[in-house]
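A.B. asks: what's the 3D shape of this:
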Amino acid sequence: TSVYVFDADVLREALTGVGQENDQGEVYLTDVVALAHEQGRRVRALAVEDTWLVEGVNDRAQLAALGAELNRRVLERWMREGVTVVDPASTWVDVGVELARDVTLLPGTQLHGRTVVGEGATLGPDTTLTDVTVGAEATVIRTHGSRAVLAAGSTTGPFAYLRPGTELGADGKIGAFVEVKNSTIGTGAKVPHLTYVGDADIGEGTNIGASSVFVNYDGVEKHRTTIGAHARTGSDNMFVAPVTVGDGAYTGAGTTVRFDVPPGALAVTGAQQRTIDGWVLRRRPGTAAARAAEVALRDGADPRGLSPQARAERDRGRAGDQGTATPRDHGTSNDDEAENQG
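C.D. replies: This is a model prediction of the structure:
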């Protein structure tokens, strides 16, 4: 181990007699031990019961072996204090991590830095957290996160990415394929799936629709979005910061929110839908889609039934007519349109 303890006077005297008569031409501290022994000084070894404590590290293979042993001891200590580690072989916990009783670590979990996990929480499988605080009874599944706070009873994942500054309130949810950065998500609020939340504050009880993006960067500066309490935002929304959506407000599917939405209001954007009957039969003849459509039209499988225009388009498609169809607009009054889009 190359660890030595000397009487200072013996060391000073012996160093004067150490030479460099060796292949490397170096001065060896071990020669001091030999000289002391030749002079009748007391020389002895200290027996160490735990040999891992004095194991040398000369290459990365030895370093990995020592790391594995340290991790084994850390996990054993936590298991004896009431933590469940389902698969110690695939679980890694740094020495600075704090775990409460009845925490469960599922396979593939790695906890680094100053991560703190509350009583009854379940982490994993396949979760990596660094400097993250997890509240009691929270669940974190297949998530990568750093410098985030997940309150009691919250659920995160699977496949969530928590960047620094993420704060999830009690009983809140960050769902599948959601990335959150520098944002607060209130008590009971949910961001269920396929969404990016950056530089935002989301109020309690609010639900963010799927495939939404908080557009926070204008190329120069970051801007903040505020969503009030108990709001309901539609799927595929773009929130162009800085912007505020008030308490209890709704936004329709596909809406781009560029201006503030008052409390209790409904915001919708987007053009009216146009349906061009017979397009597939005329423009994609011979494809599987065209064959399926033709069978459906022939057998009356279309739940709307065939309009005269549709029958004409079908007949033209069969005849190989490549003319242009007249689109059908789904126009309604403004109020009805808003309700339909919502």
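A.B. asks: what residues does the residue nearest to residue 131 when sequence neighbours are not counted make contact with?
C.D. replies: Spatially, and ignoring its direct neighbours in sequence, residue 131 is nearest to residue 113 (4.1 Å; Cβ to Cβ, 6 or more residues apart in numbering). Every residue, glycine included, has its C-beta placed from N, CA and C. Going by Cβ atoms under 8 Å, 6 or more residues apart in numbering, residue 113 touches 94, 96-97, 130-131.
A.B. asks: where does pLDDT dip in the stretch 51-200 of the chain?
C.D. replies: Within the stretch 51-200 of the chain, not a single segment meets pLDDT under 70.
A.B. asks: can you pull the contacts of the spatially most central residue of the chain?
C.D. replies: Centroid-nearest residue in the chain, with Cα atoms, centre = their mean: residue 161, separated by 1.9 Å. Contact analysis of residue 161 by Cβ under 8 Å, 6+ apart lists 143-145, 178-180.
A.B. asks: before we move on, what about residue 139?
C.D. replies: 121-123, 154-157.
A.B. asks: residue boundaries of the helices in the stretch 1-150 of the chain?
C.D. replies: For the stretch 1-150 of the chain, applying DSSP state H, counting those that start in this stretch gives helices covering 8-15, 30-38, 60-80.
A.B. asks: now mean neighbour count too, for those, in JSON lines please.
C.D. replies: Output for the helices of the stretch 1-150 of the chain, formatted as JSON lines (neighbours: other Cβ atoms under 10 Å):
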{"stretch": "helix 8-15", "mean neighbour count": "13"}
{"stretch": "helix 30-38", "mean neighbour count": "15"}
{"stretch": "helix 60-80", "mean neighbour count": "13"}
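A.B. asks: so which of the ones you listed is nearest residue 274?
C.D. replies: helix 60-80 (61.1 Å; Cβ to Cβ).
A.B. asks: how far is that closest one from where the chain is centred?
C.D. replies: 26 Å (Cα atoms, centre = their mean, to the nearest Å).
A.B. asks: where along the stretch 201-342 of the chain do the strands fall?
C.D. replies: For the stretch 201-342 of the chain, the strands defined by DSSP state E, counting those that start in this stretch cover 207-208, 213-215, 225-227, 232-233, 238-240, 243-245, 250-251, 256-257, 266-267, 274-275, 328-329.
A.B. asks: need these in a markdown table (columns: mean neighbour count, distance to residue 73 and mean pLDDT).
C.D. replies: Putting the strands of the stretch 201-342 of the chain into a markdown table (neighbours: other Cβ atoms under 10 Å; distance: least, Cβ to Cβ, whole Å; pLDDT from 0 to 100) gives the following:
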| stretch | mean neighbour count | distance to residue 73 | mean pLDDT |
| --- | --- | --- | --- |
| strand 207-208 | 23 | 43 | 98 |
| strand 213-215 | 22 | 44 | 98 |
| strand 225-227 | 22 | 46 | 98 |
| strand 232-233 | 22 | 48 | 98 |
| strand 238-240 | 20 | 48 | 98 |
| strand 243-245 | 22 | 51 | 98 |
| strand 250-251 | 24 | 53 | 98 |
| strand 256-257 | 21 | 53 | 98 |
| strand 266-267 | 20 | 57 | 97 |
| strand 274-275 | 10 | 67 | 89 |
| strand 328-329 | 12 | 71 | 60 |
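A.B. asks: which of the contacts of residue 161 lies closest to residue 272?
C.D. replies: Looking across the contacts of residue 161 and measuring by Cβ to Cβ, the closest to residue 272 is residue 178, at 31.2 Å.
A.B. asks: which residues touch the closest one?
C.D. replies: With Cβ under 8 Å, 6+ apart, residue 178 has these contacts: 160-161, 191-197.
A.B. asks: which pair in those spans the largest distance?
C.D. replies: Maximum distance among these (Cβ to Cβ): 14.9 Å, for 161 and 192.
A.B. asks: that older thread, partner residues bridging the residue nearest to the centre of the chain?
C.D. replies: Listed by DSSP bridges, the beta-bridge partners for residue 161 are residue 144, residue 179.
A.B. asks: any idea how far it is from residue 176?
C.D. replies: Using Cβ to Cβ, to the nearest Å, one gets 11 Å for the distance from residue 161 to residue 176.
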